[in-house]
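Novice: here is my input; please provide its structure:
(chains A and B)
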Amino acid sequence: MAAIDWGFSINRPRTIDIDNNNLRKSDEILREMPELQCCIGCGACTASCTAGNLTEFNFRKVHTLVRRGEYQGAYEEMNKCMLCGKCRLLCPRGINTRGVVMLIKRKLGDF
Amino acid sequence: MNFFAPFCIPFMVGAAVMAVALVLKYVLWIWHLPRADRKLLVSGIFTVQSIKAVGEVISESLLHRRIFKVNPLLGYMHASLAFGWFLLITVGWIETIAYLGFRYVPLQGHVFFKYFATCIAEHKPVFDFLMDLLLLIVLSGVALAWGKRLYSKAMGMRRTTKHVLGDRVALSALWFIFPARLVAESLTCAIYGGGGFLTGSISSFLAEHVSGSLLAALYEPSWWFYSSMLGIFFVALPFSRYMHIFTEIPLIFLRRYQLRPREKESSYDNFEIQACSRCGICLDPCQLQSELGINDVQSVYFLRDRRYNRLKLAVANNCLMCGRCEAKCPVGINLNSLRQNSRDTMRNIPDESRYGYLASLDRSQGEGRVGYFAGCMTLLTPRTLSAMERIFAAAGEDVWWADRNGGVCCGRPLKLSGETDSAKKMMRYNKELFYKHNITTLVTSCPICLRVFRDEYALRGIEVLHHSEYILRLMRQGRLKVDAAGGRFTYHDPCELGRGCGIYDQPRAVIEAVGELLEPKHTREDSLCCGASLANTVINDAQQLRIARSMSAEFEQTGASTVVTSCPLCKKTVARGSSLPVKDLSEVVAEHLA
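Specialist: All right, here's what the predicted structure looks like:
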């Protein structure tokens, strides 16, 4: 019996193994931008995002994955950002989000 | 008459090194100019612009009029050194001709004329007087320069530039040149007679109180010292801040021929960068300095680091690009453009696949010849957007809404951060969108967008207006009526709108139609930045807030009950720093629609 396509899917099970991930780049990023550790994951950045309104780009997801050492595709995702700066105005923790985008791109350009 | 003595050698070597270095630099820079710039140069030379440039060279390179406007004493200091020294050389030249007629005299013969002229019996007191007077004027400038080291506030400068070693060497040599000349000429007059009111009186004092053998022993060394100081200064000149003395002259000409820094670094930038005298006038206007105590990113340090190839990304990025320093720069260097193209060099990574998602995107709505581009920041300040809706409705304007349901950024933020090529993709997208919907007028309420629409988009057939201009036009046409309900307003000039686009009067006229306008202390060209400028990606939130608080304090001092601005980003930032309500210009108008 074929599965019924009802428009939604379930995320595939996925584990982030911080013990095995290479956190060198992540540590470098957090050293240069320590305030990123204050992120409470509220998602205001993503909700207001100009690029996120047009694509699947999700700033919160990308920088969270990068901090956990999951760099695959992060550079390409960050490249969707238009640097318009709305997220920075909304961030309740006052994180320099535009600086984070530029920093992640600079550090992960070769991933 | 012999015009050589061994002490001339340091001077001759210095002058030769300087001449070779200068010629090499200028030839190479002009050689490497982009083709379009060279065309501008060639087509400009035989126009009236060249004559105007000569006038500007006299008023700026010699008289330093723009520095007089900053502070008269500071202006006198620069003018006495530059114009005084220039006259000293010119009158010295005429003096040699007066004594010897029109004959060839080598350079050192002119410069050390007093030394070589001791064998001439006749004296021309006019020249003795003139040369002494000019020397006195230059010496007064040197004295002021010393005074400025001790107490710069007397010349209206809170802070002065921290100089590198090479500059200090050149500076010391320059300071010694004129006292050394005074001593050498006075000693010469003490032995051989002559001299004007300055050298003459010092020499008669010396002749009375110092033994003849000591005078004779000091005579040659004093000329050696003078010549050495000149030599050291000339060798250091092309490689230190004093390169500005000569570079400002070609810069003035090239600028008159419409050469400008481009969005990519080009050879023309050399003229601008090396015309910086590191006077430090850009330090005091910088709010990163005055509010945050950041001391190594200001334009003078940025240009210096770029010139010596040691520019760091953190320095290039740490600037609000508010343009306050650019407005004050006495040389008129395009500081923001240079910083932007430095960022391009350091950060631009062309990526063809980037922003592929823009293709075939069109979320605009409405029909009308007037287009309204809210811009990202206006979408984040919905009150501005709804006020604009009410204004358009009151004026009965049919509007095409470019991005009310989400649009694409204008591209300026990306450009400001140096990703020039990617920014072009957004610009191309928006431009095509505007043309597709056949608008003839484009209104935006975001000065950041306005700036890039006007400067970079080249929208032919579409008039680009800021909403302040548009509202004022509607009011003057009688299409929009407001009641003069009164109220006390103060106005904040957004950097991109004021210094960026030169729009100061329109928003003020709109406010004055509604109520009373009270100006803050820093206003118009001198207005302060709110601190949240998109150009800066380095300072953190607390630092932004500190700038916002300090600049907002000025609004409270005016006694106004509402702060008005016409930039959504400024509105958000000033509102954080101020206890007064902050409104966009459109909100004020929408509230007072008659």
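Novice: from residue B:27, how far out is residue B:491?
Specialist: 50 Å (Cβ to Cβ, to the nearest Å). Where C-beta positions appear, they are placed from N, C-alpha and C, glycine not excepted.
Novice: who's more crowded, the two?
Specialist: Neighbours were counted for residue B:491 and for residue B:27 using other Cβ atoms under 10 Å in any protein chain shown; residue B:491 has more, 28 against 10.
Novice: that one against residue B:510, yeah?
Specialist: No: with contact defined as Cβ atoms under 8 Å, residue B:491 does not count as touching residue B:510 (9.6 Å).
Novice: so which elements touch whichever strand or helix holds residue B:340?
Specialist: Remark: residue B:340 resides in helix B:335-347, with elements defined by DSSP states H and E. Applying 3 or more Cβ pairs under 8 Å, 6 or more residues apart in numbering or on different chains; DSSP states H and E, we find helix B:335-347 packed against helix B:268-274, helix B:299-307, helix B:313-317, helix B:324-328, helix B:412-416.
Novice: near chain B, which residues of chain A?
Specialist: A:35, A:48, A:50, A:53-55, A:79-80, A:82-86, A:88-91, A:93-96, A:98-99, A:102, A:109 (Cβ under 8 Å from any Cβ of the partner chain).
Novice: now do the contacts for residue B:215.
Specialist: B:187, B:190, B:191, B:206, B:207 (Cβ atoms under 8 Å, 6 or more residues apart in numbering or on different chains).
Novice: could you redo the last one with a cut-off of 7 Å?
Specialist: With contact set as Cβ atoms under 7 Å, 6 or more residues apart in numbering or on different chains, residue B:215 has these partners: B:187, B:190, B:191, B:206.
Novice: now the helices: where do they sit in chain A?
Specialist: A:24-32, A:44-48, A:50-54, A:59-67, A:74-78, A:86-90, A:97-107 (DSSP state H).
Novice: returning to what we had before: right, and the helices and strands packed on helix B:335-347 - which one's nearest chain A?
Specialist: helix B:412-416 (4.3 Å; Cβ to the nearest Cβ).
Novice: so is that closest one next to chain A?
Specialist: Yes: Helix B:412-416 lies within reach of chain A by Cβ under 7 Å from any Cβ of the partner chain, at B:413, B:414.
Novice: which other helices and strands contact that helix?
Specialist: Helix B:412-416 sits against helix B:420-436, helix B:447-455, with contacts defined as 3 or more Cβ pairs under 7 Å, 6 or more residues apart in numbering or on different chains; DSSP states H and E.
Novice: switch to 10 Å and redo it
Specialist: helix B:335-347, helix B:420-436, helix B:447-455 (3 or more Cβ pairs under 10 Å, 6 or more residues apart in numbering or on different chains; DSSP states H and E).
Novice: dump those helices to a markdown table, plus mean neighbour count, mean pLDDT and distance to residue B:553.
Specialist: Converted to a markdown table, the helices and strands packed on helix B:412-416 look like this (neighbours: other Cβ atoms under 10 Å in any protein chain shown; pLDDT from 0 to 100; distance: least, Cβ to Cβ, whole Å):
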| stretch | mean neighbour count | mean pLDDT | distance to residue B:553 |
| --- | --- | --- | --- |
| helix B:335-347 | 21 | 94 | 26 |
| helix B:420-436 | 19 | 94 | 35 |
| helix B:447-455 | 25 | 96 | 23 |
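Novice: adding distance to residue B:31 as columns, could you present those in CSV?
Specialist: Formatted as CSV, these follow (distance: least, Cβ to Cβ, whole Å):
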stretch, distance to residue B:31
helix B:335-347, 20
helix B:420-436, 25
helix B:447-455, 29
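Novice: what angle do the helix holding residue B:340 and helix A:97-107 make?
Specialist: Helix B:335-347 and helix A:97-107 meet at an angle of 40 degrees, taking axes from the mean of the first three to the mean of the last three Cα atoms, to 10 degrees as the criterion.
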